[in-house]
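Undergrad: mind folding the following:
(chains A, B, C and D)
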Protein chains: 2
Amino acid sequence: MGIAERREREKQEMQDLILTTAAELFLEVGMEKTSIRTIAEKIEYSPATIYLYFKDKNELLYAIHQRAFQRFFQYFQTLPQLDDPMEKLQQLGHIYFKFAFDNPAFYDLMFILKAPMDSDQTEEHWEMGARSHDVLTDLVLECQQAGHFQNKDTQVLSHMIWATVHGIVSLKIRERMKMYPEALRDQMVYDSLEMFNSILESV
Amino acid sequence: MGIAERREREKQEMQDLILTTAAELFLEVGMEKTSIRTIAEKIEYSPATIYLYFKDKNELLYAIHQRAFQRFFQYFQTLPQLDDPMEKLQQLGHIYFKFAFDNPAFYDLMFILKAPMDSDQTEEHWEMGARSHDVLTDLVLECQQAGHFQNKDTQVLSHMIWATVHGIVSLKIRERMKMYPEALRDQMVYDSLEMFNSILESV
DNA sequence: TATCATAACTGAACAACGTTCAGTAAAAAA
DNA sequence: TTTTTTACTGAACGTTGTTCAGTTATGATA
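TA: As a prediction, the model looks like this:
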C-alpha cells in the first residue's frame, strides 16, 4: 500500500515547490512583484493549482514567514561561544544585521510588513517571534548576572536593544537614509551599531 | 479679468479637496483601503477626475506625504524652550512618539512604507526629511557642547538615536510586540524610550 | 443672442491582481 | 472495464490603478 504514501509525498513535494519558488521570487524581485500568477508561471502550473495547496495568499506568505524564521535561527546558531556575554550580545547584533541585509525581503516580511494573519496563525507565528526574542532576553540576563545593566528591567532593556537594531536595519532597508551621501550610508549603518554597542558597554 | 483667477482658485480648491479627503481616508481606514475609487466616491466625482489633478497615485501619495511632514513640524514646534539640551532631546523623543501614535498612517507613509518615488519628487521629499533630521542633529550638537557625548560623531550618534526611537515606534505600529501581554505593550513602549533616555543621560 | 472654443468631467474599457468554480483529464479502485 | 477519486485548468468575478473618447458646461467671440 505504498500508493497513498507516494501520493502524500508528491503532495508535499508540490507544496514545497510552490513554497520554494515563492520564497525565491520573494528574495529576487520583492514582495510586491511576487503574485500568485508569477509564481504559477514560474512553476508552469495554472494559478488555480496553487489554491489546492494553500488556502490563500496569506497562508502562503505565512509559510514563507516560517521559512524565513528558520533561516533566521540558522544565522543565530553561528553565534560563537564566547565567555564574555557582552561580547556575545554585540556579536548577536552583527548576526542580526547580516541576516537582514542578506535577506531583505525576508526581513521585510518578518518585521516590517503589516502582516494580515488569521487568528490560528498568530499563535505559531509569535511562538517563533518569542523564541528569537528569548535568545536576546537570555543574553541580556547573562550580561546582568555578569554585572552589567544594573537596576534595569531585563524585559524593557531587551526590547529597547532590539528596537535599536531593528530601527537601524529598517531605516536602511526602507531607504530612509537619503539625507546622507550614498557612499556614507552603509558605513553609517555599521557605525551606528558600533556606537550603540559601545554605549551599552559603558552602562 | 478675475475669471482666470477664479478658475485657478477653483482648481486649487479641487486639488485640496482631493488631497484632504485622501489624507482623511488615509488616517481613518489606512493606506491599503484608500483607493482612487474610494476617494472619488467620497468627494462624489468620477475616479478619472482625480487624474486631472494628480498625475498618478504616487503623486497623490507624495502630496499627502508633504502634508504629513508639515504636521510633523507642527508637533516639533511644541518643543518647549528648555535650558538643558539633554532635557530637550528627551522631550523631542516624546513629541516624536506623540506624532507617530496620533497619526500612525502618516508615520507609515513617512518612515515605513516602501515609497515609490519619481526622481524629481525625491529631492523635495528628502529636503523635508533632512530638515527634520537637522532638528535632531542640532540638538545633539548642543548636548555635546554642553559636555555630553564626548568623542562621539554627531552624525552617527544622531542617526542612532533616531533609529532607536523609530525602532520602538515601528515595532509598535507594525504590531511586533505580540510576545508581550497586551496590557503591558503600551507601557513597554514608553519604558523603552525612558530607558534609552536614561542611558543617554549617563553617556 | 447665437456660435464657437476651451475647459471640466465621466463611462467604459484595459491590464493585472486575488480568488472561485464548473469542467476536464488522469489515475486508482471496483 | 466501469466507477470513483484525485489533480488540474480555463474562464470568470470583483477589485485595483489608469487611460481615453466622448459628453457637458462655461467663457469668448461674432
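
Undergrad: neighbours of residue A:130, how many?
TA: 13 (other C-beta atoms under 10 Å in any protein chain shown). Any C-beta I mention is one placed from the backbone N, CA and C, and that applies to glycine too.

Undergrad: ok, it touching residue B:179?
TA: Yes - applying C-beta atoms under 8 Å as the test, residue A:130 and residue B:179 come out as touching, 4.0 Å apart.

Undergrad: grab the nearest non-local neighbour of residue A:177.
TA: residue A:185 (4.8 Å; C-beta to C-beta, 6 or more residues apart in numbering or on different chains).

Undergrad: shouldn't the one you found be in contact with residue A:179?
TA: No - look at residue A:185 against residue A:179 with C-beta under 8 Å: they stay out of range, at 9.7 Å.

Undergrad: give me the common contacts of these two.
TA: Overlap between the contact sets of residue A:185 and residue A:179, as judged by C-beta atoms under 8 Å, 6 or more residues apart in numbering or on different chains, is nil.

Undergrad: so which residue of chain A comes closest to chain B?
TA: Across chain A, no residue is closer to chain B than residue A:167, which sits at 2.6 Å (C-beta to the nearest C-beta).

Undergrad: work out for me the element that residue sits within.
TA: If you go by DSSP states H and E, residue A:167 is part of helix A:154-173.

Undergrad: from the contact counts, what lies against the next helix or strand after that helix?
TA: Note on helix A:154-173: by DSSP H and E, the next helix or strand toward the C-terminus is helix A:182-201. Judged by 3 or more C-beta pairs under 8 Å, 6 or more residues apart in numbering or on different chains; DSSP states H and E, the packing partners of helix A:182-201 are helix A:85-102, helix A:154-173, helix B:154-173, helix B:182-201.

Undergrad: list the buried ones in the shortest one?
TA: Using 16 or more other C-beta atoms under 10 Å in any protein chain shown as the test for burial, helix A:85-102 gives A:85-86, A:88-93, A:95-97, A:99-100.

Undergrad: and for the second one?
TA: Along helix A:154-173, the positions that meet the burial threshold by neighbour count (16+ other C-beta under 10 Å) are A:155-173.

Undergrad: over to the last one?
TA: Judged by neighbour count (16+ other C-beta under 10 Å), helix B:182-201 contains these buried residues: B:185, B:188-189, B:191-193, B:195-197, B:199-200.

Undergrad: residue A:38 touches residue A:26, doesn't it?
TA: No - counting by C-beta under 8 Å, residue A:38 does not reach residue A:26; the two are 10.5 Å apart.

Undergrad: neighbour count: the two, which is higher?
TA: For residue A:38 versus residue A:26, the count of surrounding residues by other C-beta under 10 Å is larger for residue A:26: 23 against 14.

Undergrad: the more buried one contacts residue A:105, correct?
TA: Yes - contact criterion C-beta under 8 Å: residue A:26 and residue A:105 qualify, at 4.8 Å.
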